[in-house]
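Q: I would like to see how this sequence folds:
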Amino acid sequence: MKKGIHPESYRMVVFKDMSSGVEFLTRSCVNTRETTTHADGNEYPLYKLDISSASHPFFTGKKMFLDTAGRVEKFNKKYKKA
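A: Predicted coordinates:
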């Protein structure tokens, strides 16, 4: 294997779906500065997600409108001049 290209910190990380509030714990190499206390009482790094299987319409069967980044306004502002 080549040296220096593989991640060194493969650890337990909590991923939190910000639109539904669901948290799940899994192993990951993702870099994060925030931490949280999980249901098991241990503290883990926290990575925030905009959408996951807990809130995605394909998995839930419900239509949801998620515009957390203001995408519609950005689109209208960008193409208003055209």
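
Q: Any stretches of the protein with poor pLDDT?
A: 1, 53, 55-69, 81-82 (pLDDT under 70).

Q: Swap in 90 and give it another go.
A: 1-10, 17-22, 31, 39, 49-82 (pLDDT under 90).

Q: Going by residue numbers, what spans are strands in it?
A: 11-17, 23-28, 35-37, 43-49 (DSSP state E).

Q: Just name the most buried of the ones you listed.
A: Of all the strands of the chain, strand 11-17 carries the top mean neighbour count, a mean of 18, counting by mean count of other CB atoms under 10 Å. Every residue, glycine included, has its C-beta placed from N, CA and C.

Q: Touching that one from outside, list them.
A: 22-30, 32, 36, 38, 44-52, 54-55 (CB atoms under 8 Å, 6 or more residues apart in numbering).

Q: so what strands line up beside it?
A: Strand pairing for strand 11-17, using DSSP bridges, gives strand 23-28 (antiparallel), strand 43-49 (parallel).

Q: that older thread, please convert the strands of the chain to JSON lines, extending it with distance to R71.
A: Listed next are these as JSON lines, based on distance: least, CB to CB, whole Å:
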{"stretch": "strand 11-17", "distance to R71": "18"}
{"stretch": "strand 23-28", "distance to R71": "25"}
{"stretch": "strand 35-37", "distance to R71": "27"}
{"stretch": "strand 43-49", "distance to R71": "16"}
